[in-house]
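Asker: model this:
(one chain, ligands or ions: 1)
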Amino acid sequence: MTSPTRDSASTPGPDSATAPDPAAGPTPPPGCPAHSGPAPAGERLESLHGPEFAADPAATYARLREHGHIAPVELSPGVPVSLVTSYQTALDILRGPETYSKDARHWQALADGTIPLDNPVVPMMMYRPNALCSDGEAHHRLRSAISDTLDRLDIHALRRYVERSADFLIDLFGPKGEADLLKEYSARLPLLVFNQLFGCPPELSDKLVRALSALFDITEDSEQANVLLAETLFELIALKRATPGPDMTSWLIAHPSELTDEELVHQIVVLVGAGTQPQQNLICNGLLLLLSDERFAGALAGGTMLIEDALNEVLWKDPPLANFCIHYPRHDVTVDGHKLPKGEPVVISLAAANNDPYLLSNRRGNRAHLAWSAGPHTCPAKDPAQVIAAVAIEKLLDRLPDLELA
Ligand code: HEM
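Answerer: Numbers count the residues shown, from 1 in each chain. Predicted coordinates:
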């Protein structure tokens, strides 16, 4: 286990972080050549942008591990962050809201203008009044509205929505005999499903899908897409306030936390935003594994167990959100000899943590991966997300049993 110490003495770190934990693995002996120790202050060891990282992220994580459980990296040009590569350290930070805030208004370099507002990572990382960026009571209020709403989802209805959306897309590319399954299936399917989950009537659904597609497409103007999305959601909320239905928008409106229209828009955006991109990655990487690995050849005959096994393997080895779960230390803190400055982003590498060499290698049936995160912000939608991915894959393999990678 990690041992954070508050640099400015008085307040101790979280209790859970003080006892040694064998799960963290052996501590390297001093001077061990395989462990170079923490990087010198201010030095960034690697960048998480550019073709070298993209070509082989695992090699970058392996090099970073030589410096310990956390390493200073550059997230995008001019954006320094600390990257956590150890499973146990990741778990401690995710479960340590007393020490680490999720609120990007603590981001020192953004607040003092060192990082300009037009830096490309700012829209993804900046504060918004939603569950993801909130702490404490405010988080509890927003999160309970979201999780109570998700709990009302009927799994059979969800399956129907996914099957209907899958059929619609397969009908479009099936007759062509070839398809780009990322663009034409995995990326579009979650948008169609969300449209139904939020009870979007036909007159608004085109607009919603258009706004969402533009938002996730870097070639589109994201500011315009945001305006279109907010406009569409305000219209949807007005409609559902007047005529509620059996859908997530109406359930969010009716929740006892009495969200305002603006709060509703922000929570719907985070639901859709948090759900779309990782959902697409899970479907696509699950399909890739099933179609390329002969251990899963039986799944082409519709083996549900095999699809679940393949998804579990993807969630361990290649989690849909590889580097995410950004936290801001509330004060300077030292973890395993690494100084985490107050207000400098700490990013959890879910991909590196899941593949921490100290973890046991047998992961079949073991669901202790961090793909859904952990602690107070753990994904509230992991059950529906698994259903969406599994049904999307099952349906495709059922309808096109002779599917092959090109
Ligand atoms: C394969 C699909 C998915 C994966 C891998 C995934 C993963 C995650 C992770 C890692 C977090 C923590 C983020 C952080 O702390 O910064 C998270 C949070 C969240 N996810 Fe998911 N997610 C998926 C699908 C979905 C779907 C479909 C929805 C909505 C229907 C959703 C809604 C949310 C929300 C609202 C949060 C914020 C929770 C909070 O801050 O309390 N996710 N998800």
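Asker: which residue packs closest to the residue most central in space within the chain, ignoring adjacent ones?
Answerer: Note on the chain: the residue nearest the mean C-alpha position is L321, at 4.2 Å, using Cα atoms, centre = their mean. Closest residue to L321 apart from its sequence neighbours, by Cβ to Cβ, 6 or more residues apart in numbering: P278 at 5.1 Å. Yep, even glycine has a C-beta here, placed from its N, CA and C like the rest.
Asker: the strand or helix carrying the one you found: what's the following helix or strand?
Answerer: Element membership for P278 (DSSP states H and E) is helix 261-292. Using DSSP H and E, the helix or strand that directly follows helix 261-292 along the chain is helix 304-317.
Asker: what packs against the following helix or strand past that following helix?
Answerer: Remark: after helix 304-317, the chain's next helix or strand is strand 323-329, criterion DSSP H and E. Here strand 323-329 touches helix 87-94, strand 100-101, strand 346-349, helix 350-354, going by 3 or more Cβ pairs under 8 Å, 6 or more residues apart in numbering; DSSP states H and E.
Asker: nearest to M125, of these?
Answerer: strand 346-349 (9.6 Å; Cβ to Cβ).
Asker: how about residues contacting the closest one?
Answerer: Contacts with strand 346-349, where a contact means Cβ atoms under 8 Å, 6 or more residues apart in numbering, come from 61, 70, 75, 81-85, 90, 93-94, 100, 322-329, 340, 370, 373.
Asker: name the element Q386 belongs to?
Answerer: helix 382-399.
Asker: can you list contacts of that helix?
Answerer: 150, 153, 155, 158-159, 162-163, 166-167, 170, 174, 181, 185-186, 189-190, 193, 275, 278-279, 282-283, 286-287, 290, 299-300, 302, 304, 307-308, 310-311, 372, 379, 403.
Asker: sorry, back to before: so who does the residue nearest to the centre of the chain touch?
Answerer: L321 touches Q277, P278, N281, L350, A371, counting by Cβ under 8 Å, 6+ apart.
Asker: flag the least confident of these.
Answerer: Lowest pLDDT of those: Q277, 88.
Asker: quick one: the strands in this structure?
Answerer: Taking DSSP state E to define them, one finds strands in the chain at 5-6, 46-47, 70-76, 79-84, 100-101, 323-329, 333-335, 338-340, 346-349.
Asker: for the ligand, find the nearest of these.
Answerer: For these, proximity to the ligand was assessed by Cβ to the nearest ligand atom; strand 323-329 is nearest, at 3.9 Å.
Asker: circling back to that earlier point, and the strands of the chain as CSV, adding mean pLDDT, distance to G113 and mean neighbour count?
Answerer: As requested, the strands of the chain are exported to CSV (pLDDT from 0 to 100; distance: least, Cβ to Cβ, whole Å; neighbours: other Cβ atoms under 10 Å):
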stretch, mean pLDDT, distance to G113, mean neighbour count
strand 5-6, 52, 27, 15
strand 46-47, 89, 22, 18
strand 70-76, 94, 17, 23
strand 79-84, 96, 14, 24
strand 100-101, 98, 20, 22
strand 323-329, 97, 17, 22
strand 333-335, 96, 24, 22
strand 338-340, 94, 22, 21
strand 346-349, 98, 21, 25
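Asker: tabulate the ones you listed (TSV), appending distance to E137.
Answerer: TSV is the format used below for the strands of the chain (distance: least, Cβ to Cβ, whole Å):
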stretch	distance to E137
strand 5-6	23
strand 46-47	37
strand 70-76	29
strand 79-84	27
strand 100-101	13
strand 323-329	18
strand 333-335	23
strand 338-340	25
strand 346-349	23
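Asker: which one of those strands lies nearest to L236?
Answerer: strand 323-329 (27.4 Å).
Asker: partner strands of that closest one, parallel or antiparallel?
Answerer: Strand 323-329 has the following strand partners under DSSP bridges: strand 100-101 (antiparallel), strand 346-349 (antiparallel).
Asker: same list (the ones you listed) but as a markdown table, adding distance to the ligand.
Answerer: Below are the strands paired with strand 323-329 laid out as a markdown table (distance: least, Cβ to the nearest ligand atom, whole Å):
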| stretch | distance to the ligand |
| --- | --- |
| strand 100-101 | 10 |
| strand 346-349 | 8 |
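Asker: relative to K317, which of those is closest?
Answerer: Smallest distance to K317 across the strands paired with strand 323-329 (Cβ to Cβ): 13.2 Å, for strand 346-349.
Asker: what about the closest residue to L212 other than its chain neighbours, neighbour count?
Answerer: Spatial nearest neighbour of L212, chain neighbours left out: L191 (5.2 Å); criterion: Cβ to Cβ, 6+ apart. Counted with other Cβ atoms under 10 Å, the neighbours of L191 add up to 22.
Asker: so who does L191 touch?
Answerer: Here L191 is in contact with V209, L212, S213, T276 (Cβ under 8 Å, 6+ apart).
Asker: check R164 too.
Answerer: Contacts for R164 were tallied using Cβ under 8 Å, 6+ apart; they are Q196.
Asker: dihedrals phi and psi, the closest residue in space to G245 that isn't next to it in sequence?
Answerer: Counting by Cβ to Cβ, 6+ apart, G199 is the residue found nearest to G245 once chain neighbours are left out, at 4.8 Å. Backbone dihedrals for G199, given as degrees, to the nearest 10, come out at phi 70, psi 40.
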